[in-house]
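**Student:** Provided below for reference: sequence and predicted model.
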Amino acid sequence: GEDVEQSLFLSVREGDSSVINCTYTDSSSTYLYWYKQEPGAGLQLLTYIFSNMDMKQDQRLTVLLNKKDKHLSLRIADTQTGDSAIYFCAETRIYQKVTFGTGTKLQVIP
Amino acid sequence: GAVVSQHPSWVICKSGTSVKIECRSLDFQATTMFWYRQFPKQSLMLMATSNEGSKATYEQGVEKDKFLINHASLTLSTLTVTSAHPEDSSFYICSASTRDRGRWGYNSPLHFGNGTRLTVT
């Protein structure tokens, strides 16, 4: 089956940039997503990118996709304490179920 | 837009009883709804996929007689945990998707409810 992997933990200082990485194995992936989960809550869609795109920017968030290496990253500029959460990347093909990564816990140090 | 409401947020029940969890899409028609289970500090495990008006498709290892899923309308899906046991205690999350190409293209991103914390005593 498809695999989506992330590092488990990232710690950054408030004001710095955070970069969360994700690798996937399905070369047919069409859509790639980033979700944020705060403690005890569901998942909040942050952004998504189509596989024919290399980059997408939305305010403090920048998504980079290297399709050749099957590598996806999420950069958060000027990281704030409110950004502390678990971040999941996910991928899917058209009409197929979504496969989630293992999640990266982001800790922001004031 | 794209709000999914899940109810209840948390529930405590006695072993042997049944619990129903509701998932509603508030501002769009959810042609497909998904039910996930999440163990502490782990990723989401897909339990089943339900399309409106048809039987749910369960993932391998998920007991369909224990986890009853109903998706009778385009805005509501329910998960009933029957004869709950302490090992069923978990965080259950629903999500909804639409194939409305006019709004999202071929595949909409999943939109999640806030989850239900089930504790079986």
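**Tutor:** Received, thanks.

**Student:** pLDDT weak spots in the chain?
**Tutor:** If you meant another chain, say so; for now it's chain A. For chain A, applying pLDDT under 70 flags the ranges A:1-2, A:94-96.

**Student:** actually it's chain B I care about, not the one you picked
**Tutor:** Counting by pLDDT under 70, chain B has low-confidence residues at B:1-2, B:99-109.

**Student:** so where do the helices sit in it?
**Tutor:** For chain B, applying DSSP state H gives helices covering B:101-104.

**Student:** residues in contact with residue A:66?
**Tutor:** Contact analysis of residue A:66 by Cβ atoms under 8 Å, 6 or more residues apart in numbering or on different chains lists A:54, A:72. For glycine as for every other residue, the C-beta is placed from the backbone atoms N, C-alpha and C.

**Student:** Return the distance of it relative to residue A:103.
**Tutor:** Distance of residue A:66 to residue A:103, computed by Cβ to Cβ, to the nearest Å: 21 Å.

**Student:** Residue B:81 now?
**Tutor:** Residue B:81 is 24 Å from residue A:103, by Cβ to Cβ.

**Student:** same check, this time on residue B:70
**Tutor:** Distance from residue B:70 to residue A:103, by Cβ to Cβ: 29 Å.

**Student:** Likewise for residue A:52?
**Tutor:** 26 Å.

**Student:** Pick out whichever of the two has more residues nearby.
**Tutor:** Using other Cβ atoms under 10 Å in any protein chain shown as the criterion, residue A:52 and residue A:103 rank with residue A:103 on top: 24 against 8.

**Student:** quick one, what contacts the more buried one?
**Tutor:** Going by Cβ under 8 Å, 6+ apart, residue A:103 touches A:6, A:8, A:37, A:86-88, B:42-43.

**Student:** any chance of the residues you listed in TSV, with distance to residue A:59 and neighbour count too?
**Tutor:** As requested, those are exported to TSV (distance: Cβ to Cβ, whole Å; neighbours: other Cβ atoms under 10 Å in any protein chain shown):
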residue	distance to residue A:59	neighbour count
A:6	22	24
A:8	26	11
A:37	20	21
A:86	20	20
A:87	16	23
A:88	20	24
B:42	30	12
B:43	26	18
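
**Student:** Show me the residues you listed that map onto strands.
**Tutor:** Counted as lying in strands by DSSP state E, out of those, are A:6, A:37, A:86-88.

**Student:** and the spatially closest residue to residue B:34 that is not a sequence neighbour, what are its bridge partners?
**Tutor:** The shortest distance from residue B:34 to any non-neighbouring residue, by Cβ to Cβ, 6 or more residues apart in numbering or on different chains, is to residue B:95 (4.7 Å). Residue B:95 forms beta bridges with residue B:34, residue B:112, as assigned by DSSP bridges.
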